[in-house]
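Sequence isn't available, so here's the structure alone:
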């Protein structure tokens, strides 16, 4: 495998600007960008999944490419046929470093950077197959619970071949998905494929694997759309290809039956020594939770994902979950264009017992910032 590392002066400038900011969003993005990449951290089960896939004989001819983490929004969305009204384009779902650049939401952006490589261009000019893997951190505004974080890891792979060598279709999709299942879960794994839809592939499939008695969706795959190939400068009348991409945390969680995604980032040796793929995780101790409810009235343009970011900023890894208990409008009671929300915030540490004295100042800060940042009337 050949490794390509994209050195982007543009990304370095953008990152420096983000890290120089003192507003909440800038500091948040800076913190995310400086978190370790678990897909390249020795001993992490996230890195182990990557290694198993890269060393599968089925994928032996694919390159590896490491791409920027701050990318043009046009590359992330326009080139990959995301509709103009797709939720991923909104600031409520995606972190914007500036008006034109985002923290990457998927590692699929590697298609663009890979095709800029001179050796890859030469291979295409010579009518030869090309393909690569890309993996690392991605970033999305999201809800807060035991299965979701704003920073997580993905791996993407794709393979393009001229029709003189092979025409890629559903058969090749199924072969590649089977290779992933076997590489990660072993030769005895049971899996099934279902039809699915993605912006940049058609036809598409998603794969479920059987974990104990449950079927768990783990990966999506599809034939690369001709319209996307043309935008990337590849002749779709000659080349066809398959592509897959998926979140690595999902596979790690189901493999070890982890009760909380935060455990993957733990430095507690009682936790880390258990983080081995296929190992059934045992609670080191069931530390109790502390819950606090907050009710407030805000303007109807309130964005919950922005609020989740604020809560995570203040509470950090002590926040296990934020759930919506109630939402309603009453013009007579609150006024026109106002909405009432009630959220339950669950605090829990995976490493120690929290105290009320520790949590109360955090909750008070959340109440204070809810009033200030969202012009909320806290009830």
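Nice, I can see it. In this text, all values refer to a predicted model and were calculated from it rather than measured experimentally.

all strands for the stretch 151-300 of the chain, in order.
Assigned by DSSP state E, counting those that start in this stretch, the strands in the stretch 151-300 of the chain fall at 151-162, 191-198, 201-211, 214-224, 239-247, 290-299.

Take those and lay them out in TSV including mean pLDDT, distance to residue 111 and mean neighbour count.
In this view, the C-beta of every residue, glycine as well, is placed from N, C-alpha and C. Shown next, in TSV, are these (pLDDT from 0 to 100; distance: least, C-beta to C-beta, whole Å; neighbours: other C-beta atoms under 10 Å):
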stretch	mean pLDDT	distance to residue 111	mean neighbour count
strand 151-162	96	6	22
strand 191-198	89	13	14
strand 201-211	88	11	20
strand 214-224	87	8	19
strand 239-247	92	8	23
strand 290-299	97	40	17
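
the helices in this protein, which residues?
Along the chain, counting by DSSP state H, helices occupy 9-20, 24-33, 45-54, 73, 110-114, 118-125, 170-185, 226-231, 248-256, 269-272, 304-315, 331-334, 356-374.

Out of those, which one sits most buried?
Among the helices of the chain, helix 110-114 has the highest mean neighbour count (mean count of other C-beta atoms under 10 Å), at a mean of 24.

one step back: identify whichever of the strands of the stretch 151-300 of the chain lies nearest to residue 324.
Closest to residue 324 of those is strand 290-299 (C-beta to C-beta; 11.0 Å).

Listing request: residues of the stretch 1-150 of the chain with sub-threshold pLDDT.
By pLDDT under 70, the stretch 1-150 of the chain contains no weakly predicted segment.

mind redoing it with 90?
Applying pLDDT under 90 to the stretch 1-150 of the chain picks out residues 1, 60-61, 78-87, 142-143, 146-148.

Next: the stretch 251-379 of the chain.
The stretch 251-379 of the chain contains residues with pLDDT under 90 at 251, 254-255, 257, 268, 270, 278, 283-287, 350-352.

rerun that using 80 as the cut-off
The stretch 251-379 of the chain contains residues with pLDDT under 80 at 285-286.

just to revisit the earlier point, any chance of a markdown table for the helices of the chain, columns distance to residue 283?
Converted to a markdown table, these look like this (distance: least, C-beta to C-beta, whole Å):
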| stretch | distance to residue 283 |
| --- | --- |
| helix 9-20 | 37 |
| helix 24-33 | 28 |
| helix 45-54 | 17 |
| helix 73 | 42 |
| helix 110-114 | 37 |
| helix 118-125 | 47 |
| helix 170-185 | 24 |
| helix 226-231 | 45 |
| helix 248-256 | 12 |
| helix 269-272 | 10 |
| helix 304-315 | 22 |
| helix 331-334 | 43 |
| helix 356-374 | 21 |
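
related to what we said a few turns ago, now that we have the strands of the stretch 151-300 of the chain, can you turn them into TSV and tack on distance to residue 130?
Shown next, in TSV, are the strands of the stretch 151-300 of the chain (distance: least, C-beta to C-beta, whole Å):
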stretch	distance to residue 130
strand 151-162	5
strand 191-198	21
strand 201-211	17
strand 214-224	12
strand 239-247	9
strand 290-299	50
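
Quick one: closest of those strands to residue 174.
Nearest of those (C-beta to C-beta): strand 191-198, 6.1 Å.

now the closest one: how far from the chain's centre is it?
Distance, stretch centre to chain centre, for strand 191-198: 19 Å (C-alpha atoms, centre = their mean, to the nearest Å).

That one pairs with which strands?
Strand 191-198 has the following strand partners under DSSP bridges: strand 201-211 (antiparallel).

Can you give me the distance of the residue nearest to residue 290 when sequence neighbours are not counted to residue 319?
In this structure, residue 290 finds its nearest non-sequential neighbour in residue 347, 4.5 Å apart by C-beta to C-beta, 6 or more residues apart in numbering. Counting by C-beta to C-beta, to the nearest Å, the separation of residue 347 from residue 319 is 6 Å.

Which residue, neighbours along the chain excluded, lies closest to residue 215?
Looking at residue 215 with C-beta to C-beta, 6+ apart, the closest residue is residue 208, at 4.3 Å.

From residue 248, how far off is the one you found?
According to C-beta to C-beta, residue 208 stands 17 Å off from residue 248.

try residue 25
26 Å.

cool, and residue 123?
Distance of residue 123 to residue 248, computed by C-beta to C-beta: 28 Å.

just checking, residue 347 touches residue 322?
No - Residue 347 lies out of contact with residue 322 (C-beta atoms under 8 Å); the separation is 10.3 Å.

bridging residues for residue 159?
residue 131, residue 242.

That one reaches residue 242, doesn't it?
Yes - between residue 159 and residue 242 there is a contact at 5.7 Å, judged by C-beta under 8 Å.

intersection of neighbour lists for those two?
Residues touching both residue 159 and residue 242 (C-beta atoms under 8 Å, 6 or more residues apart in numbering) are 168, 176.

can you count the residues close to the residue nearest to residue 290?
20 (other C-beta atoms under 10 Å).

For residue 316, see how far away residue 373 is.
From residue 373 across to residue 316, the span is 17 Å (C-beta to C-beta).

Please disregard the earlier target; I meant residue 219.
Computed with C-beta to C-beta, the distance linking residue 219 and residue 316 is 31 Å.

Also residue 242?
Taken as C-beta to C-beta, the span from residue 242 to residue 316 is 40 Å.

What values do phi and psi take at residue 375?
Dihedral angles of residue 375 (phi, psi; degrees, to the nearest 10) stand at phi 50, psi 40.

got a list of what it touches?
298-299.

Who does the closest residue to residue 185 other than its chain neighbours form a beta bridge with?
Using C-beta to C-beta, 6+ apart and skipping residues adjacent in sequence, the residue nearest residue 185 is residue 209, 5.9 Å away. Counting by DSSP bridges, residue 209 is bridged to residue 191, residue 216.
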